[in-house]
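Colleague: The sequence isn't on hand, but the structure is:
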């Protein structure tokens, strides 16, 4: 019960305590406007507020609020109390019936805002001394000797009541009814360029008046995407329509559109002062079916032919659509379906993604001359798709037939090999780099494989946990497979490091590994590095960093301190020679 009681009290307090508000604006006086304009504040809460050094202003200028003439005192507005803001040379207290209970506040300027309060309407802002926006009011065109008063969330024209309640001061007007609408062809669009809209404001009934309209677009999480101000204090007789807006929204998303209008008459139907829509930008439809295309065959001679025993590379363009299959395999076979190469495989993980990859294919040596010089078929298959390409193969690679091939069905570690393909020894911090590992299984048995890589120096890994990118799979018998590993170095000083690839096969206790030298480059440009060396005020840490980078590029710069150290031995030698000369001369 107590939590409910506290919650009820909190809700009640929130309803009766809205803070400091701009409560009345007097902008159009009968004479001497600059001396007779004023703004009324109302403390709509049950605690007093000190508004010393608060700011009041418009779109053109801001003014600091000050108190009375006694050491700037008199800036405290009591609970549910009023205050009147004027300029220092004001005649307001002579020409208006100001409540004696109202606090007299002044600004440090000859007029409120940029050029005084506008008779055509504008926005008035109130900020606290920490520059937090406390309140803002938009008033429309004025009527001489009438103020704009704030009653029940709306500004109304009224007889001036400085320091008094506004309830009975409203000037009764004939009722009006205005509406705002989005002009939009539909709510679902094929692409972003197809989406545009206008905003229309209409007078349904009543007298003509000025109006202000606003609109915005948000995503479905409430994040503001676009904001529009089609009309501000514009006149309207029957209807006004904005220009066409084409916001160029991101595709494959839905958005919430909202618009509103405020008018200078007593609008009797508030419901049509707002309009909102939910629209969807579909964008280009994602292709569901996967595809494979053999784009190019590398490593052929000038005659565009391959040799038996040669390893050639194939460039594949692949698209993985809506399929759970991820394996792609390539091989070469004759026209009867007899395979002339090992099978090379790789996996593609992400759906609806285009891939460009290069895979090696090793052609059999044909030492027993089982195959003739002829045209053969390269086959790429996977993801429920397939492509073929013809290649002419001829001539034995003699060196590969010098070794007698022993057939065995028992697992032999000598018949397994792996290597790094297309290795890049230069990497950057915070940028992912990929490494292709080619695994070759010449055995008649499948091999369970665990594969991972990392960047290190000494005992520390700089690319996360050492086995963070570990992959586990089965390497099929008599097959060749390319696996891609990704690493990223989050934080590291520029310099020389090591890159290691680990392969564990058949869950053996001893791993196979390849270690490469790798260089981590920082993001400084060369001219920045020269500035570091030329600036004597750089601290030692920056100087060491710059020297490291320069050494990595094959350039070594010595600081003035290092040069001095290098001269010490020479200096000692010269002194020693001079002493010997003096001793000899004395003899």
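Modeller: Alright, I've got the coordinates. None of these values were measured; they are calculated from a predicted model.

Colleague: Residue 143 - how many residues pack around it?
Modeller: Applying other Cβ atoms under 10 Å, we find 13 other residues in the vicinity of residue 143. To be clear about C-beta, it is placed using only N, CA and C from the backbone, and glycine gets the same treatment.

Colleague: Not counting sequence-adjacent ones, nearest residue to it?
Modeller: Of all residues beyond its chain neighbours, the one nearest residue 143 is residue 157 (5.9 Å), with distances taken as Cβ to Cβ, 6 or more residues apart in numbering.

Colleague: Tell me, how many residues neighbour residue 448?
Modeller: When counting by other Cβ under 10 Å, one arrives at 13 neighbours for residue 448.

Colleague: Which strands or helices does the helix or strand where the residue nearest to residue 143 lies pack on?
Modeller: Using DSSP states H and E, residue 157 falls within strand 154-158. With contacts defined as 3 or more Cβ pairs under 8 Å, 6 or more residues apart in numbering; DSSP states H and E, strand 154-158 has these neighbours: strand 133-139, strand 147-151.

Colleague: So which of the ones you listed is the most surrounded?
Modeller: Neighbour counts averaged per stretch over these are highest for strand 147-151, at a mean of 23; criterion: mean count of other Cβ atoms under 10 Å.

Colleague: Show me what counts as buried in stretch 332-347.
Modeller: Using 16 or more other Cβ atoms under 10 Å as the burial criterion, the residues of stretch 332-347 that qualify are 332, 334, 340, 341, 342, 343, 344, 345, 346.

Colleague: list the contacts for the nearest residue to residue 442 once chain neighbours are set aside?
Modeller: The shortest distance from residue 442 to any non-neighbouring residue, by Cβ to Cβ, 6+ apart, is to residue 415 (3.9 Å). Taking Cβ atoms under 8 Å, 6 or more residues apart in numbering, we find residue 415 in contact with 441, 442, 443.

Colleague: and the residues you listed, which of them are in strands?
Modeller: Judged by DSSP state E, strands contain the following of those: residue 441.

Colleague: which one among the contacts of residue 415 gets closest to residue 263?
Modeller: Top of the list for closeness to residue 263, among those and by Cβ to Cβ, is residue 441 at 79.8 Å.

Colleague: Number of residues surrounding the closest one?
Modeller: Counted with other Cβ under 10 Å, the burial measure for residue 441 works out to 25 neighbours.

Colleague: Would you mind measuring from it to residue 87?
Modeller: Computed with Cβ to Cβ, to the nearest Å, the distance linking residue 441 and residue 87 is 90 Å.

Colleague: go on, residue 328?
Modeller: Residue 328 sits 79 Å away from residue 87, taking Cβ to Cβ as the criterion.

Colleague: Neighbour count: those two, which is higher?
Modeller: Ranked by neighbour count (other Cβ under 10 Å), residue 328 and residue 87 place residue 328 first, with 24 against 21.

Colleague: show me the contacts for the more buried one.
Modeller: For residue 328, the contacting residues are 292, 316, 318, 345, 346, 347, 348, 359, 380, 381, 382, 383, taking Cβ under 8 Å, 6+ apart as the criterion.

Colleague: Return the member of those nearest to residue 93.
Modeller: Looking at these and their distance to residue 93, the nearest is residue 348, at 81.2 Å (Cβ to Cβ).

Colleague: Help me confirm that the closest one comes into contact with residue 324.
Modeller: No. Here residue 348 lies out of contact with residue 324, judged by Cβ atoms under 8 Å, at a distance of 11.4 Å.

Colleague: Which one of the two is surrounded by more residues?
Modeller: Between residue 348 and residue 324, counted using other Cβ under 10 Å, the more crowded position is residue 348 (23 against 6).

Colleague: Show the contacting residues for that one.
Modeller: Counting by Cβ under 8 Å, 6+ apart, residue 348 makes contact with 318, 320, 326, 328, 355, 382, 383.

Colleague: Same check on residue 139?
Modeller: Under the criterion of Cβ under 8 Å, 6+ apart, the contact list for residue 139 reads 25, 27, 121, 122, 124, 148, 155.

Colleague: Out of the residues you listed, name the ones that lie in strands.
Modeller: 25, 122, 124, 148, 155.

Colleague: So the third one versus residue 136, what's the distance?
Modeller: In this structure, residue 124 and residue 136 are separated by 7 Å, where distance is defined by Cβ to Cβ.

Colleague: Over to residue 39?
Modeller: 12 Å.

Colleague: between these two, what contacts are shared?
Modeller: Between them, residue 39 and residue 136 share the contacting residues 22, 124, judged by Cβ under 8 Å, 6+ apart.

Colleague: ok so, going back, now do the shared contacts for residue 124 and residue 136.
Modeller: The contact sets of residue 124 and residue 136 overlap at residue 22 (Cβ under 8 Å, 6+ apart).

Colleague: Disregarding residues adjacent in the polypeptide, which is nearest to residue 287?
Modeller: The shortest distance from residue 287 to any residue other than its chain neighbours is 5.4 Å, reached at residue 321 (Cβ to Cβ, 6+ apart).

Colleague: Quick check, that neighbour in contact with residue 292.
Modeller: No. Taking contacts as Cβ under 8 Å, residue 321 lies outside contact range of residue 292: 11.4 Å.

Colleague: Tell me which of these two has more neighbours.
Modeller: When residue 321 and residue 292 are compared for neighbours, residue 292 comes out ahead with 23 against 16, by other Cβ under 10 Å.

Colleague: Summarise which helices and strands the helix or strand that contains the more buried one is packed against.
Modeller: Secondary structure assigned from DSSP H and E places residue 292 in strand 291-298. Helices and strands in packing contact with strand 291-298 are listed as strand 311-320, strand 374-382, strand 385-394; criterion 3+ Cβ pairs under 8 Å, 6+ apart.
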